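Engineer: sequence and predicted structure are below.
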Amino acid sequence: MPQTQYNLHLKGFVGGADFDRNYVDYILAKNAGKEVNVLIDSLGGNLATALSIAAAFKNHGKVSVHFVGMNASAATIASLGAAHISIDKNAMYLVHKCSTAFFEWGSLNADQFRTLIADCEKAAADLDKLDVNIASMYAGKCKKKTQCLLDLMKVGGWLSAKDALEWGFVDEITDLDDEPAPVLTDAVASELAAAGIPLPNLPVEEKENPILSFFEKMAAIFQSKSKPQLTMNKNYKSICALLSIESIALTDGKASLTDEQLTALDKALEMKLQVISDLEAQIAALKAAPAVTSTAIVDDGKQTQAAEKSDYEVFCDTVNAANKLYNEV
């Protein structure tokens, strides 16, 4: 069954870092006796690695494989050891006859040609044995005759998810929202061509049109210039008084000031901050000074003059003055 979370994500080249037998063994051992969910998205690779992984899945016994994207060759073989195989409805599936790299360049005489031909015939015989073995594995999964699978491998065409289900390669087709349909990119097409695999009938990756992009950018520039700008005046009393102006013009919520005006604002703010600093120093000094106390009671019956403020009253007045000045800044 498809899962939202997978224990293994096998992608890229079978036998590469993202599709490695040792890592598969590690995950299976870590989940011994538990169900293991595997996501496969690969165009194939090394047959030996695929056979090894298929055997590991079979020995574990509780492995479910889910195919997404484009899957071919060794990637499909690796899944054959799983207890359950599902495929996304947009995914592709391909089986083909085994192949091996062949390089020969130079000048050969008759004897060398005969030796080369003998070597090629031996390689062909080995590939025939591999094809029969792989076809037998596919046949076991599909519940069909081996020759039937050999014929399909010889054709080597791409199968849709529905085709793969009808053949018996998979047990279930899924339709999940988070699984995008595969797209044929230049990189994928190059890999398929290098492996001799036919290109599937898939949407081609869309590329940015540089000419269209240029005109879209030019249109955006002219649209921004032709867009009407909202201008209004606001009267910031303190700032306007300092700059000796009546109001400040705002365009789309932004104001523009000259360098001279900014300099005047900076100097005024610096002076205000200095005054506040001086007042704070005076307050600190008053806090540190000892309070004056008196036990004498004076009552001469005469009209008394305004009593001298206590240190506490002076302190309160100073704080109030500082707050008032700070609020005006």
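Structural biologist: Thanks, I have the structure now.

Engineer: residues in contact with stretch 12-19?
Structural biologist: Here stretch 12-19 makes contact (Cβ atoms under 8 Å, 6 or more residues apart in numbering) with 9-11, 21, 42-46, 48-50, 53, 73-75, 78. C-beta coordinates here come from the backbone N, C-alpha and C atoms, glycine included.

Engineer: can I get it as CSV, trimmed to CA atoms?
Structural biologist: Output of stretch 12-19 as CSV, limited to C-alpha atoms (Å, rounded to 0.1, in the frame of the first residue of the first chain):
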residue,chain,number,x,y,z
GLY,A,12,18.6,7.4,-9.4
PHE,A,13,21.1,4.8,-10.7
VAL,A,14,20.7,1.3,-9.3
GLY,A,15,24.0,0.7,-7.6
GLY,A,16,24.6,4.3,-7.0
ALA,A,17,24.6,6.2,-3.7
ASP,A,18,20.8,6.6,-3.7
PHE,A,19,20.1,3.0,-4.6
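
Engineer: buried ones in it?
Structural biologist: By neighbour count with 16 or more other Cβ atoms under 10 Å, stretch 12-19 contains the buried residues Gly12, Phe13, Val14, Gly15, Phe19.

Engineer: next one: it to chain centre, how far?
Structural biologist: Per Cα atoms, centre = their mean, to the nearest Å, the displacement of stretch 12-19 from the mean C-alpha position of its chain is 21 Å.

Engineer: hmm, back to that, mind listing which of the buried residues of stretch 12-19 are in strands?
Structural biologist: Counting by DSSP state E, those place Gly12, Phe13, Val14 in strands.

Engineer: can I get those residues in a markdown table with pLDDT and distance to Gln112?
Structural biologist: Shown next, in a markdown table, are those (pLDDT from 0 to 100; distance: Cβ to Cβ, whole Å):
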| residue | pLDDT | distance to Gln112 |
| --- | --- | --- |
| Gly12 | 92 | 38 |
| Phe13 | 95 | 34 |
| Val14 | 96 | 35 |
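
Engineer: could you dump those residues into TSV and include distance to Ala268?
Structural biologist: Shown next, in TSV, are these (distance: Cβ to Cβ, whole Å):
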residue	distance to Ala268
Gly12	66
Phe13	70
Val14	74
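
Engineer: return the member of those residues nearest to Lys143.
Structural biologist: Nearest to Lys143 among those: Val14, at 25.1 Å, using Cβ to Cβ.

Engineer: all helices of this structure, in order?
Structural biologist: Using DSSP state H, the helices of the chain run over 21-30, 47-60, 74-78, 110-142, 146-155, 161-167, 186-194, 210-226, 237-243, 259-288, 311-328.

Engineer: which of the buried residues of stretch 12-19 sit farthest apart?
Structural biologist: Farthest apart among the buried residues of stretch 12-19 - using Cβ to Cβ - are Gly12 and Gly15, which lie 9.4 Å from each other.

Engineer: rewinding a little: where among the helices of the chain is the average confidence lowest?
Structural biologist: Lowest mean pLDDT within the helices of the chain: helix 186-194, at a mean of 59.

Engineer: now Tyr23, nearest residue through space, not along the chain?
Structural biologist: Leu8 (7.9 Å; Cβ to Cβ, 6 or more residues apart in numbering).

Engineer: what sits against that neighbour?
Structural biologist: Contacts of Leu8 (Cβ under 8 Å, 6+ apart): Tyr23, Val24, Ile27, Val36, Asn37, Val38, Leu39.
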